[in-house]
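Participant: Structure for the following, please:
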Amino acid sequence: MSDILDHLSCDSCISKIHPLFRHLNEEECNHISLNKITESYKRGSLIYQEGNRMKGFFCVQKGIIKIFKTGFDGKEQIIRFAKPGDIIGYRSVISNEPACTSTEVIEDCIVCHIPPQILMTLIKTNGDFALELMKLSCKELGEANSFITDIAQKTVRERLAEILLYLDNEFGMDQNGVLNIFLTREELSNIVGTATESIIRLLSEFKNEKLIELNGRKIKILDRPGLKLIANI
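Facilitator: Model prediction:
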(Lines give C-alpha, C1' and ligand atoms only; values in the text may rest on other atoms or scores of the structure.)
Protein backbone atom coordinates (compact mmCIF):
# COMPACT_ATOMS: atom_id res chain seq x y z
CA MET A 1 0.00 0.00 0.00
CA SER A 2 1.12 3.56 -0.71
CA ASP A 3 0.33 6.89 0.91
CA ILE A 4 0.01 10.13 -1.06
CA LEU A 5 2.29 12.79 0.38
CA ASP A 6 2.06 16.55 0.29
CA HIS A 7 3.59 18.11 -2.81
CA LEU A 8 7.40 17.99 -2.81
CA SER A 9 9.26 20.39 -5.07
CA CYS A 10 11.63 18.99 -7.69
CA ASP A 11 14.09 21.76 -6.73
CA SER A 12 14.98 19.96 -3.49
CA CYS A 13 14.95 16.41 -4.89
CA ILE A 14 18.15 14.35 -5.13
CA SER A 15 17.06 13.22 -8.61
CA LYS A 16 17.74 16.74 -9.86
CA ILE A 17 21.46 15.88 -9.99
CA HIS A 18 20.77 12.81 -12.16
CA PRO A 19 22.33 13.31 -15.63
CA LEU A 20 18.86 12.83 -17.10
CA PHE A 21 17.35 15.81 -15.30
CA ARG A 22 20.33 18.16 -15.46
CA HIS A 23 19.30 19.00 -19.03
CA LEU A 24 15.82 20.24 -18.12
CA ASN A 25 15.10 23.95 -18.14
CA GLU A 26 13.07 25.73 -15.46
CA GLU A 27 9.82 25.45 -17.38
CA GLU A 28 10.25 21.68 -17.89
CA CYS A 29 11.13 21.16 -14.21
CA ASN A 30 8.09 23.14 -13.11
CA HIS A 31 5.85 21.12 -15.44
CA ILE A 32 7.08 17.86 -13.89
CA SER A 33 6.76 19.25 -10.38
CA LEU A 34 3.15 20.33 -10.96
CA ASN A 35 2.02 17.04 -12.54
CA LYS A 36 3.80 14.37 -10.50
CA ILE A 37 2.33 12.44 -7.57
CA THR A 38 4.57 11.79 -4.56
CA GLU A 39 3.93 8.55 -2.69
CA SER A 40 5.47 6.69 0.24
CA TYR A 41 5.76 2.89 0.41
CA LYS A 42 6.60 0.57 3.30
CA ARG A 43 9.00 -2.39 3.10
CA GLY A 44 7.37 -5.29 1.29
CA SER A 45 5.09 -3.09 -0.83
CA LEU A 46 4.92 -3.68 -4.58
CA ILE A 47 5.11 -0.53 -6.73
CA TYR A 48 4.34 -2.31 -9.99
CA GLN A 49 4.32 -5.93 -11.19
CA GLU A 50 5.19 -7.84 -14.33
CA GLY A 51 2.36 -7.57 -16.82
CA ASN A 52 1.04 -4.26 -15.44
CA ARG A 53 0.25 -1.55 -17.95
CA MET A 54 2.56 1.29 -16.94
CA LYS A 55 0.89 4.62 -16.19
CA GLY A 56 4.14 6.55 -15.98
CA PHE A 57 7.62 6.16 -14.58
CA PHE A 58 9.07 6.71 -11.12
CA CYS A 59 11.85 8.77 -9.56
CA VAL A 60 13.22 7.39 -6.28
CA GLN A 61 13.68 10.09 -3.65
CA LYS A 62 14.28 7.90 -0.60
CA GLY A 63 14.72 4.20 0.19
CA ILE A 64 15.77 1.11 -1.76
CA ILE A 65 13.70 -0.88 -4.27
CA LYS A 66 14.53 -4.29 -5.73
CA ILE A 67 13.74 -4.96 -9.37
CA PHE A 68 13.14 -8.61 -10.20
CA LYS A 69 11.59 -11.16 -12.55
CA THR A 70 9.62 -14.21 -11.45
CA GLY A 71 10.39 -17.62 -12.93
CA PHE A 72 7.92 -20.34 -13.86
CA ASP A 73 8.52 -21.96 -10.45
CA GLY A 74 7.67 -18.69 -8.66
CA LYS A 75 11.28 -18.03 -7.65
CA GLU A 76 12.50 -14.45 -7.92
CA GLN A 77 15.58 -13.40 -9.85
CA ILE A 78 16.72 -9.98 -8.67
CA ILE A 79 17.99 -7.93 -11.61
CA ARG A 80 19.18 -4.79 -9.83
CA PHE A 81 18.32 -2.26 -7.14
CA ALA A 82 17.06 1.31 -7.36
CA LYS A 83 18.23 3.86 -4.81
CA PRO A 84 17.71 7.62 -4.28
CA GLY A 85 18.25 9.49 -7.53
CA ASP A 86 17.39 6.52 -9.79
CA ILE A 87 14.44 6.23 -12.17
CA ILE A 88 12.46 3.06 -12.84
CA GLY A 89 9.72 1.94 -15.21
CA TYR A 90 10.69 4.23 -18.09
CA ARG A 91 11.47 1.52 -20.66
CA SER A 92 7.94 0.09 -20.57
CA VAL A 93 6.56 3.61 -21.02
CA ILE A 94 8.73 4.21 -24.10
CA SER A 95 7.95 0.82 -25.66
CA ASN A 96 4.25 1.07 -24.68
CA GLU A 97 4.41 -2.49 -23.40
CA PRO A 98 3.41 -4.09 -20.08
CA ALA A 99 6.07 -4.06 -17.36
CA CYS A 100 8.64 -6.83 -17.88
CA THR A 101 9.80 -6.72 -14.23
CA SER A 102 8.33 -6.28 -10.76
CA THR A 103 9.47 -3.88 -8.05
CA GLU A 104 9.33 -4.42 -4.28
CA VAL A 105 10.39 -2.02 -1.54
CA ILE A 106 13.13 -3.39 0.72
CA GLU A 107 13.70 -0.13 2.61
CA ASP A 108 10.81 2.31 3.21
CA CYS A 109 10.78 4.67 0.27
CA ILE A 110 9.38 7.84 -1.25
CA VAL A 111 8.90 7.91 -5.02
CA CYS A 112 7.48 10.43 -7.46
CA HIS A 113 5.13 9.06 -10.12
CA ILE A 114 5.43 11.03 -13.38
CA PRO A 115 2.79 10.68 -16.13
CA PRO A 116 3.91 8.96 -19.35
CA GLN A 117 3.05 11.87 -21.64
CA ILE A 118 5.64 14.03 -19.90
CA LEU A 119 8.39 11.52 -20.66
CA MET A 120 7.38 11.21 -24.31
CA THR A 121 7.18 14.99 -24.73
CA LEU A 122 10.66 15.48 -23.26
CA ILE A 123 12.09 12.82 -25.59
CA LYS A 124 10.60 14.60 -28.61
CA THR A 125 11.48 18.17 -27.62
CA ASN A 126 14.71 17.94 -25.58
CA GLY A 127 17.57 16.29 -27.49
CA ASP A 128 19.99 16.29 -24.54
CA PHE A 129 17.39 14.60 -22.34
CA ALA A 130 16.74 11.97 -25.04
CA LEU A 131 20.48 11.30 -25.42
CA GLU A 132 20.95 10.82 -21.66
CA LEU A 133 17.98 8.46 -21.59
CA MET A 134 19.57 6.45 -24.41
CA LYS A 135 22.85 6.30 -22.48
CA LEU A 136 21.00 5.08 -19.38
CA SER A 137 19.26 2.36 -21.39
CA CYS A 138 22.57 1.23 -22.90
CA LYS A 139 24.19 1.14 -19.45
CA GLU A 140 21.41 -1.06 -18.06
CA LEU A 141 21.59 -3.31 -21.13
CA GLY A 142 25.35 -3.71 -20.64
CA GLU A 143 24.83 -4.63 -16.99
CA ALA A 144 22.20 -7.18 -18.01
CA ASN A 145 24.61 -8.73 -20.52
CA SER A 146 27.32 -8.99 -17.87
CA PHE A 147 24.82 -10.57 -15.48
CA ILE A 148 23.86 -13.21 -18.05
CA THR A 149 27.54 -14.00 -18.66
CA ASP A 150 28.22 -14.36 -14.94
CA ILE A 151 25.25 -16.69 -14.46
CA ALA A 152 26.48 -18.88 -17.33
CA GLN A 153 30.21 -18.93 -16.64
CA LYS A 154 30.92 -18.24 -12.96
CA THR A 155 30.51 -20.53 -9.98
CA VAL A 156 28.11 -19.64 -7.17
CA ARG A 157 31.09 -18.80 -4.94
CA GLU A 158 32.47 -16.42 -7.56
CA ARG A 159 29.07 -14.77 -8.09
CA LEU A 160 28.48 -14.24 -4.37
CA ALA A 161 31.87 -12.54 -3.99
CA GLU A 162 31.09 -10.32 -6.96
CA ILE A 163 27.63 -9.43 -5.61
CA LEU A 164 29.08 -8.40 -2.24
CA LEU A 165 31.53 -6.10 -4.00
CA TYR A 166 28.70 -4.74 -6.17
CA LEU A 167 26.61 -3.94 -3.08
CA ASP A 168 29.60 -2.20 -1.52
CA ASN A 169 30.11 -0.12 -4.67
CA GLU A 170 26.41 0.75 -5.04
CA PHE A 171 25.44 1.49 -1.44
CA GLY A 172 28.69 2.01 0.46
CA MET A 173 29.22 1.38 4.16
CA ASP A 174 28.27 3.04 7.43
CA GLN A 175 30.76 4.36 9.98
CA ASN A 176 31.27 0.81 11.28
CA GLY A 177 32.13 -0.60 7.86
CA VAL A 178 28.77 -2.38 7.47
CA LEU A 179 27.03 -2.43 4.08
CA ASN A 180 24.27 0.18 3.84
CA ILE A 181 21.80 -2.39 2.54
CA PHE A 182 20.40 -5.23 4.64
CA LEU A 183 19.25 -8.24 2.64
CA THR A 184 17.81 -11.54 3.76
CA ARG A 185 19.61 -14.75 2.83
CA GLU A 186 16.77 -15.48 0.41
CA GLU A 187 17.21 -12.10 -1.28
CA LEU A 188 20.94 -12.72 -1.65
CA SER A 189 20.20 -16.10 -3.20
CA ASN A 190 17.77 -14.40 -5.59
CA ILE A 191 20.53 -12.08 -6.79
CA VAL A 192 23.17 -14.77 -7.15
CA GLY A 193 20.74 -17.23 -8.69
CA THR A 194 21.06 -20.22 -6.40
CA ALA A 195 19.42 -21.95 -3.43
CA THR A 196 19.20 -20.12 -0.10
CA GLU A 197 21.03 -23.03 1.59
CA SER A 198 24.03 -22.50 -0.71
CA ILE A 199 24.21 -18.80 0.23
CA ILE A 200 24.08 -19.62 3.94
CA ARG A 201 26.92 -22.11 3.53
CA LEU A 202 29.07 -19.78 1.43
CA LEU A 203 28.58 -16.82 3.76
CA SER A 204 29.76 -19.02 6.60
CA GLU A 205 32.82 -19.99 4.53
CA PHE A 206 33.60 -16.34 3.76
CA LYS A 207 33.28 -15.55 7.46
CA ASN A 208 35.67 -18.38 8.43
CA GLU A 209 38.11 -17.16 5.78
CA LYS A 210 38.05 -13.66 7.39
CA LEU A 211 36.63 -12.10 4.22
CA ILE A 212 33.49 -10.76 5.93
CA GLU A 213 31.80 -10.40 9.31
CA LEU A 214 28.13 -11.31 9.82
CA ASN A 215 25.58 -9.98 12.29
CA GLY A 216 22.12 -11.06 11.20
CA ARG A 217 21.42 -9.31 7.90
CA LYS A 218 24.34 -6.94 8.44
CA ILE A 219 27.47 -7.72 6.43
CA LYS A 220 30.87 -6.11 6.95
CA ILE A 221 33.50 -6.59 4.25
CA LEU A 222 36.95 -7.20 5.73
CA ASP A 223 39.00 -8.25 2.70
CA ARG A 224 38.08 -6.64 -0.63
CA PRO A 225 41.19 -7.90 -2.47
CA GLY A 226 40.32 -11.42 -1.32
CA LEU A 227 36.77 -11.10 -2.64
CA LYS A 228 38.05 -9.67 -5.93
CA LEU A 229 40.37 -12.62 -6.28
CA ILE A 230 37.53 -15.07 -5.71
CA ALA A 231 35.22 -13.15 -8.09
CA ASN A 232 37.89 -13.08 -10.84
CA ILE A 233 37.51 -9.32 -11.19
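Participant: ok, now which ones touch the residue most central in space within the chain?
Facilitator: By CA atoms, centre = their mean, the chain has its centre lying nearest to Phe81, at 1.8 Å. When the contact criterion is CB atoms under 8 Å, 6 or more residues apart in numbering, the partners of Phe81 are 64-67, 106, 170-171, 181. From N, CA and C alone the C-beta is placed, and that goes for glycine too.
Participant: which among those residues end up buried?
Facilitator: Neighbour-count burial (16 or more other CB atoms under 10 Å) is assigned, among these, to 64-67, 106, 171, 181.
Participant: and the residues you listed as JSON lines, adding secondary structure, pLDDT and distance to His23?
Facilitator: Converted to JSON lines, those look like this (DSSP: H, G, I helix; E, B strand; the rest coil; pLDDT from 0 to 100; distance: CB to CB, whole Å):
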{"residue": "Ile64", "secondary structure": "strand", "pLDDT": "95", "distance to His23": "26"}
{"residue": "Ile65", "secondary structure": "strand", "pLDDT": "96", "distance to His23": "24"}
{"residue": "Lys66", "secondary structure": "strand", "pLDDT": "95", "distance to His23": "29"}
{"residue": "Ile67", "secondary structure": "strand", "pLDDT": "94", "distance to His23": "25"}
{"residue": "Ile106", "secondary structure": "strand", "pLDDT": "94", "distance to His23": "30"}
{"residue": "Phe171", "secondary structure": "helix", "pLDDT": "92", "distance to His23": "27"}
{"residue": "Ile181", "secondary structure": "coil", "pLDDT": "93", "distance to His23": "30"}
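Participant: ok, these vs Gly74, which is closest?
Facilitator: Lys66 (16.0 Å; CB to CB).
Participant: beta partners of the closest one?
Facilitator: Phe81, Glu104 (DSSP bridges).
Participant: show me where the protein has strands.
Facilitator: 2-4, 37-41, 46-48, 57-70, 76-82, 87-88, 102-114, 212-215, 218-221 (DSSP state E).
Participant: And these: which comes nearest Lys139?
Facilitator: strand 76-82 (10.8 Å).
Participant: and that closest one, which residues are buried?
Facilitator: Applying 16+ other CB under 10 Å to strand 76-82 flags 76, 78-82 as buried.
Participant: now the buried ones among the contacts of Phe81 in a markdown table, with distance to Pro115?
Facilitator: Below are the buried ones among the contacts of Phe81 laid out as a markdown table (distance: CB to CB, whole Å):
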| residue | distance to Pro115 |
| --- | --- |
| Ile64 | 24 |
| Ile65 | 20 |
| Lys66 | 24 |
| Ile67 | 21 |
| Ile106 | 26 |
| Phe171 | 30 |
| Ile181 | 30 |
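Participant: Pick out the most distant pair among the residues you listed.
Facilitator: Between any two of these (CB to CB), the greatest distance is 14.8 Å, for Ile67 and Phe171.
Participant: Arg157 is nearest to which of the strands of the chain?
Facilitator: strand 212-215 (13.0 Å).
Participant: returning to that earlier point: of all the buried ones among the contacts of Phe81, which comes closest to Glu26?
Facilitator: Ile65 (28.9 Å).
Participant: Bridged to the nearest residue to Val111 once chain neighbours are set aside, which residues?
Facilitator: Excluding the flanking residues, the one nearest Val111 by CB to CB, 6 or more residues apart in numbering is Phe58, at 4.6 Å. Counting by DSSP bridges, Phe58 is bridged to Ile88, His113.
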